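Participant: Dropping the sequence and predicted coords here.
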Amino acid sequence: MTDPVGGVSLLTHDVLCDPYPTYAHLRSTDPVHFNEQLGGWVLTRHDDVSAALRDHGTFSSRRMELLVAQRGGADPSPAVARFLELAAHWMWMIDPPQHTRMRKLMNQGFTPRAVRLLEPMIQGIVDDLVDAAVARGEFDLMADFCFPVPALVICGLYGLPPADARMVTDWCDAIKVFLGASPELGGVQDAAVALQEMIDYLTEIMERRRADPRDDLVSRLVTADDDGDRMDADELVSNLLLLITASFETTIDMLGNGLAGLLTRRDQWELIKRDPALIPGAVEEVIRYDGPVQLTHRLLTGDVELRGKKLREGQLAYLMRGAANRDPERYADPDRLDVTRDASGHVGLGLGVHFCIGAGLSRLEGKIALTELTTRIPDLVLTEPEQLHWRADNLQFRGLSVLRASTS
């Protein structure tokens with residue numbers, strides 16, 4: 001658990017596979033901890049993380065340049081410079097009032113009505129994948145279910161060819177590893193190249209939709225208007241890219257982490273089988289219990305005194321959402337998955353102005369997926385329940401690489 005300089009290491013293979021014991025150690029011994037490896041403050045208590053997520057004035061989202069500098073980008077290449085230029089428009093990298101304007105325009109693609117209209121498409125995708133799983137008998141839940149559900153939903157939402165899903169995933173992976181990996185691992189150049197390829201791809205899609213609008217998200221957003229205010233080309237393409245990276249990748253891991261938790265704690269699977277009314281709450285509980293997003297970075301805009309520690313202006317704070325969600329001061333028996341629990345107040349989807357814009361869509365995908373799997377494959381089991389294959393490449397985004405299962 002300790003690194004050579006006496007601090008706590010969050011970047012070992014064992015910790016990346018199971019960070020929760022280390023989170024518990026930090027919560028009880030050093031809840032406001034300066035970590036040399038990460039070059040910033042690590043906050044692990046629910047109260048502290050929640051308060052910081054809501055305080056966008058002090059804990060600013062404008063941290064991209066510092067992240068790039070930490071990862072070897074002090075003298076950026078042209079590709080990295082373009083990466084920074086585009087990332088400056090990302091909703092999760094800006095503060096109000098700029099964030100307020102961008103969020104208002106982007107919300108036009110994620111109204112409750114727009115999400116409800118997606119339900120038949122999601123239901124059809126899940127039905128087809130469950131049919132295929134039943135026919136196989138044995139399969140990898142990650143490759144054969146958790147990946148294709150959000151991949152095909154995103155393709156339908158954006159109006160993209162389903163065959164492009166794997167290419168888009170590879171681009172998202174490069175950006176995700178840059179954002180969440182250890183500073184010494186770098187990754188900024190790969191992320192910059194992936195970003196440019198995605199920009200070219202999405203720009204072409206945007207131009208097609210302007211010329212020939214369809215009933216899809218891209219068409220709605222290229223015409224999104226708020227009293228004459230519209231997004232320019234850079235704002236639009238950067239946030240379309242962000243939505244793919246954020247909603248697609250995190251939904252894969254929400255489904256995978258959730259199924260791993262439910263199928264290794266069989267009593268919880270049996271509960272939602274017997275009572276499907278528990279499923280919406282079960283989706284919230286699996287996000288609390290083992291969420292796909294484990295942390296959020298923030299940049300301090302001023303000095304802060306917290307639990308006797310002095311956090312300085314210009315430093316990074318790592319708000320450990322995964323640790324906050326298992327804080328025993330907030331949840332009783334927090335290391336137990338309990339689908340009957342009131343999981344309200346969890347920070348798995350963020351809080352405040354940066355609450356996940358795609359939360360409604362993600363919850364709907366989770367509800368439909370669990371409903372169909374418990375109904376159509378009630379005896380679903382993991383074939384390697386004692387050996388889960390965590391990616392262990394990333395502190396921010398947590399998920400499995402393989403989850404082998406059988407219909408009986």
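Facilitator: Received it, and whenever you're ready, just let me know what you need.

Participant: Confidence-wise, which helix or strand of the chain is lowest on average?
Facilitator: None of the helices or strands of the chain scores lower by mean pLDDT, DSSP states H and E than helix 64-70, at a mean of 63.

Participant: What is the burial count for the closest residue in space to residue 247 that isn't next to it in sequence?
Facilitator: Spatial nearest neighbour of residue 247, chain neighbours left out: residue 358 (4.0 Å); criterion: Cβ to Cβ, 6 or more residues apart in numbering. Heads up, the C-betas are built off the backbone N, CA and C, glycines and all. Residues near residue 358, counting by other Cβ atoms under 10 Å, number 22.

Participant: Which stretches in the stretch 201-350 of the chain count as strands?
Facilitator: Assignment of strands within the stretch 201-350 of the chain using DSSP state E, counting those that start in this stretch yields the ranges 296-300, 304-306, 309-311, 316-319.

Participant: got a list of what the residue nearest to residue 247 touches?
Facilitator: Contacts for residue 358 were tallied using Cβ atoms under 8 Å, 6 or more residues apart in numbering; they are 110, 243, 246, 247.

Participant: For the stretch 101-250 of the chain, give me the ranges with low pLDDT.
Facilitator: Counting by pLDDT under 70, the ranges of the stretch 101-250 of the chain that qualify are 175-191, 226.

Participant: Hmm, residue 129 and residue 145 touching each other?
Facilitator: Yes. Between residue 145 and residue 129 there is a contact under Cβ atoms under 8 Å: 5.4 Å.

Participant: Compare the two and say which is more crowded by neighbours.
Facilitator: residue 145 (24 against 21).

Participant: Can you show me the strands along the stretch 51-200 of the chain?
Facilitator: For the stretch 51-200 of the chain, the strands defined by DSSP E, counting those that start in this stretch cover 59-60, 138-140.

Participant: got these as TSV, with distance to residue 214 columns?
Facilitator: Formatted as TSV, the strands of the stretch 51-200 of the chain follow (distance: least, Cβ to Cβ, whole Å):
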stretch	distance to residue 214
strand 59-60	37
strand 138-140	33
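
Participant: Just name the most buried of those.
Facilitator: strand 59-60 (a mean of 22; mean count of other Cβ atoms under 10 Å).

Participant: What strands flank it, and is each parallel or antiparallel?
Facilitator: Take DSSP bridges as the rule and strand 59-60 pairs in its sheet with strand 296-300 (antiparallel).

Participant: CA atoms of the strand it pairs with as CSV?
Facilitator: Only the C-alpha atoms of strand 296-300 are listed here, as CSV (Å, rounded to 0.1, in the frame of the first residue of the first chain):
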residue,chain,number,x,y,z
THR,A,296,-12.9,13.6,-10.6
HIS,A,297,-10.0,16.0,-10.9
ARG,A,298,-10.4,19.7,-9.8
LEU,A,299,-8.0,22.7,-9.9
LEU,A,300,-7.9,24.8,-6.7
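
Participant: mind listing the helices for the stretch 101-250 of the chain?
Facilitator: 112-116, 119-136, 141, 148-158, 165-180, 188-211, 217-222, 233-243, 249-264 (DSSP state H, counting those that start in this stretch).
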